[in-house]
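Asks: show me the folded form of this:
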Amino acid sequence: MANRLTEYREDQAAGRLRVPITTYRWAVHTGIAPKPGPGGTWSGEQVEAMDREAIRAAVPAGGCLSGGQAADRIAEAIGRPNEAHTRASVAVFVVQQLVGRGLLTDLSGNPDGSLLHPDQVAEVCGRADLARLVAEESPLGPEQAATRLGIRRVDFDHVTRLGWLTPATYWEVRFGTSRAGAVYVPVYRTVEVDGLCAAHPEVNWEVVRSSGRGKRSPLAALKPAGEAVA
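Replies: Sure, this is the predicted structure:
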């Protein structure tokens, strides 16, 4: 083959072997192709020695699944199919969190999208604890999180001010068709919201929950860790 290099980046190696970059990434992930060197590259000798047909066969002819397709398959596996034109029972957010757990491998290289090996998605769909994983990784907005904790929104705002919960991501919410009126809403992982009270036993959560409307939050006097008390 012409145009041989002494060092290959990921995209160059995939191009040299004439395979999609997602297929090449999967081959590296599974050990069909070697891991890159310290500089994140492969030597020319390594690339020339790779088995292109074995790498090509590592991903089915249909290619990878998008995050949305993976979410649909997971939803079907737990018996709650995602219906068109309705709020999905399993959001792409859940897929992204499963990637974060190391249960799925994102091959896209794009922070705004996911591409996943269908066999790995099928393996996740076959897990006995899949419903629990989905429940733990389901997204909650601030109002939903406050309701789940049984506290007021003002109390939840103090929780985030104190740094006890941080958003996993932000979702863009538009008013109308223009992005000019868009706002970004923080989104939290259910598992982290559920673990809040146990993580902060120094707080009397029953007192927080019983605070009436218009009353000052019991959390208002607390300071974030490391911040001096006035």
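
Asks: what are the contacting residues of the lowest-mean-pLDDT helix or strand in the chain?
Replies: Ranking every helix and strand in the chain by mean pLDDT, DSSP states H and E puts strand 169-173 at the bottom, with a mean of 87. Strand 169-173 is touched from outside by 93, 96, 139, 141, 179, 182, 183, 184, 185, 186, 187, with contacts defined as CB atoms under 8 Å, 6 or more residues apart in numbering. The way it works is simple: take the backbone N, C-alpha and C, and place the C-beta from them, glycine included.

Asks: what are the boundaries of the helices in the chain?
Replies: Remark: helices assigned in the chain by DSSP state H are 10-17, 21-30, 44-49, 52-56, 67-77, 92-100, 118-125, 130-137, 142-149, 153-161, 190-194, 196-199, 205-209.

Asks: buried set for the longest one?
Replies: Going by neighbour count (16 or more other CB atoms under 10 Å), the buried part of helix 67-77 is 67, 68, 69, 70, 71, 72, 73, 74, 75, 77.

Asks: pLDDT of it, averaged?
Replies: For helix 67-77, mean pLDDT is 96.

Asks: the longest strand belonging to the chain pairs with which strands?
Replies: Longest strand in the chain by number of residues, with DSSP state E as the criterion: strand 183-189. When pairs are called by DSSP bridges, strand 183-189 turns out to pair with strand 139-140 (antiparallel), strand 169-173 (antiparallel).

Asks: the ones you listed: which one's closest to residue 224?
Replies: Shortest distance between residue 224 and the strands paired with strand 183-189, using CB to CB, is found for strand 169-173: 20.5 Å.

Asks: the closest one vs helix 92-100, what angle?
Replies: Angle of strand 169-173 versus helix 92-100, following axes from the mean of the first three to the mean of the last three CA atoms, to 10 degrees, is 160 degrees.

Asks: distance of residue 83 relative to residue 153?
Replies: 29 Å (CB to CB, to the nearest Å).

Asks: next one: residue 52
Replies: Counting by CB to CB, the gap from residue 52 to residue 153 is 57 Å.

Asks: what about these two, which has more around it?
Replies: Taking neighbours as other CB atoms under 10 Å, residue 52 and residue 153 compare with residue 52 leading, 15 against 11.

Asks: check contacts around the closest residue to the more buried one other than its chain neighbours.
Replies: Among residues not flanking residue 52 along the chain, residue 17 sits closest, at 4.7 Å (CB to CB, 6 or more residues apart in numbering). By CB under 8 Å, 6+ apart, the residues touching residue 17 are 24, 47, 50, 52, 55, 56.

Asks: need the pLDDT of residue 17.
Replies: 96.

Asks: next: residue 3.
Replies: 69.

Asks: for the most centrally placed residue in the chain, report the pLDDT, please.
Replies: The centroid of the chain falls nearest to residue 96 when counting by CA atoms, centre = their mean (2.3 Å). Reading off the confidence values, residue 96 has pLDDT 94.
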